[in-house]
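J.: Okay, predicted coordinates and the sequence, questions at the end:
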Amino acid sequence: VLGLLVWALIADTTYYLHAAYSWVLFVSIFFWIVTVLFFMTYLLQLQLKFHVIPWPLVLMIFNALATVLYVSAFVTCAAAVQPTSWRQWDYNRRAAAAFFACLAMVAYGASTFFSFRAWRGLGSNAATSQVTNHA
């Protein structure tokens with residue numbers, strides 16, 4: 001949802017006058033589409049059919065890459081916002097897009113952390129941590 005807000009807000013402005021917003025649009029649209037594809041894969045449980053693919057590792061790499069590229073998109077979007085814009089609604093939408101890009105960056109960062117924990121197997125529950133082998 002956050003990525004959708006970013007690219008919808010940017011696309012509703014005169015982004016073509018500023019080359020920096022093309023990068024923000026690319027990052028937000030690309031990762032929104034791939035995130036929706038991963039969501040549909042997990043919703044339909046297609047990852048169980050492709051058991052050869054290491055899904056926790058794939059998700060960790062995807063989330064880490066999304067975090068890094070959203071950092072660059074957030075910095076680019078925030079730096080390109082000009083408060084002296086001749087169209088006030090463009091300023092408001094671009095500032096809102098920078099805010100939501102920051103939130104998307106934080107969300108992907110949190111997903112990276114949890115994907116790393118899942119990949120390393122650190123996400124065990126209390127029941128599995130109580131089982132010990134004392135034979």
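T.: Received it, and whenever you're ready, just let me know what you need.

J.: Thr13 in helix, strand or coil?
T.: When classified by DSSP: H, G, I helix; E, B strand; the rest coil, Thr13 comes out as coil.

J.: Nearest residue to it in space, please, no chain neighbours.
T.: Of all residues not flanking Thr13 in the chain, Asp90 sits nearest, at 4.4 Å (CB to CB, 6 or more residues apart in numbering). (C-beta placed from N, C-alpha, C; glycine too.)

J.: How far away from the center of its chain is the helix or strand where that neighbour lies?
T.: With elements taken from DSSP states H and E, the one containing Asp90 is helix 88-120. The gap between where helix 88-120 is centred and where its chain is centred comes out at 6 Å by CA atoms, centre = their mean, to the nearest Å.

J.: helices or strands next to it in the packing?
T.: In this structure, helix 88-120 packs against helix 2-11, helix 20-43, helix 55-80, with contacts taken as 3 or more CB pairs under 8 Å, 6 or more residues apart in numbering; DSSP states H and E.
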